[in-house]
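Asks: task: produce atomic coordinates for the following.
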Amino acid sequence: MVRKLLFTLLLVLFVNFKLFANTLDFQIISLIGVQDYRVNQKFIQRLFNNQEEFLDGVGQPDLYKISKVLKDNGLLKLTFGSPKELEVSFEMGHNPAAFTSVLYDVLGAMGYYYFLVKQSRLDGEKYQFVLSMNTEYAIDPVLFQEKLRDYGYSVSRIEKRNVQQWVYSISQNTLKYPKAVPLEKNLPQSRADLKGEYWYSLKEGGSIIISSVDGASWYPKIVFFDENLRILKVEALEDSVYETKVVIPNGTVFVEISDYYLPIAIKEGLKVILR
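Replies: You can find the predicted model right below:
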């Protein structure tokens, strides 16, 4: 009798281990929850029958492909039905300041403008912070991954604790900033921005000449960043000018230009030349 009970227990443990040892199943469960996985298990098995299709180049589950298939087949539940608090935890181990800036851009592009930092902590080399927002739906993990990819980030883990609580682990590859317009030497760049905030990227130093396209006076504020969006130098003029020239600090990769007092004062446009 004891042997039979022991065998049954080992069999149950083996089955459960086999289920969760399958990393693809584990990622699916992390996205939709155990209950929905059990209810739709046969359908899910058909969708992911060819498991190799859903592995990346190093044999790990491809979170983007997995979440897209789940979403396209109605298995990814994101709506609340009415406005509720959404808590999203983000974890990363490198350059949290740059990711925070990127994250706010990405969330704004997805329609999330109002949120607050509910908790933040640094645990060794891992940084974690929790955002809280009042909304009717959770962040779409498919769209979120697509937007992050444009900035050089990828998602290594997604955990849905419940429809209102999510966890994302983030990895940085090579930081990109898609709203930064590339500057080439002696090639003028003229453009307008309704917010009066102008971002540029460059691969060489020298100096930049900046002027307002409509001849209006403004108070230049120029911020120079390195490849990880760390601030190298801030140039701010107290007197209004039509045109200014500044030397680019060594290590500069990104430049942000705005008006020190009122960015929309230059919404009609700037002309920038790299010398």
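Asks: how much space between Met92 and Trp166?
Replies: Counting by C-beta to C-beta, to the nearest Å, the gap from Met92 to Trp166 is 15 Å. C-beta here means a position set from N, CA and C on the backbone, and glycine is covered the same way.
Asks: and Pro83, by the same measure?
Replies: Taken as C-beta to C-beta, the span from Pro83 to Trp166 is 17 Å.
Asks: Phe224 too?
Replies: Taken as C-beta to C-beta, the span from Phe224 to Trp166 is 35 Å.
Asks: how many residues are close by Phe224?
Replies: 23 (other C-beta atoms under 10 Å).
Asks: tell me what it is bridged to.
Replies: Lys233, Val255 (DSSP bridges).
Asks: these two touch, right, it and Leu232?
Replies: Yes. With contact defined as C-beta atoms under 8 Å, Phe224 counts as touching Leu232 (4.5 Å).
Asks: list residues touching both of the two?
Replies: Shared contacts of Phe224 and Leu232 (C-beta atoms under 8 Å, 6 or more residues apart in numbering): 249, 252.
Asks: name the spans of this structure whose pLDDT lies under the cut-off.
Replies: Scanning the chain for pLDDT under 70 picks out 1-22.
Asks: rewinding a little: of Pro83 and Trp166, which one has the most company?
Replies: Shown here are Pro83 and Trp166; by other C-beta under 10 Å, Trp166 has more neighbours (22 against 11).
Asks: tell me what the nearest residue to that one once chain neighbours are set aside is bridged to.
Replies: Once flanking residues are discounted, Trp166 sits nearest to Val88: 4.9 Å by C-beta to C-beta, 6 or more residues apart in numbering. For Val88, the beta-bridge partners are Leu131, Trp166 (DSSP bridges).
Asks: distance of Val88 relative to Lys126?
Replies: 16 Å.
Asks: looking at those two, which is more packed in?
Replies: Ranked by neighbour count (other C-beta under 10 Å), Val88 and Lys126 place Val88 first, with 22 against 13.
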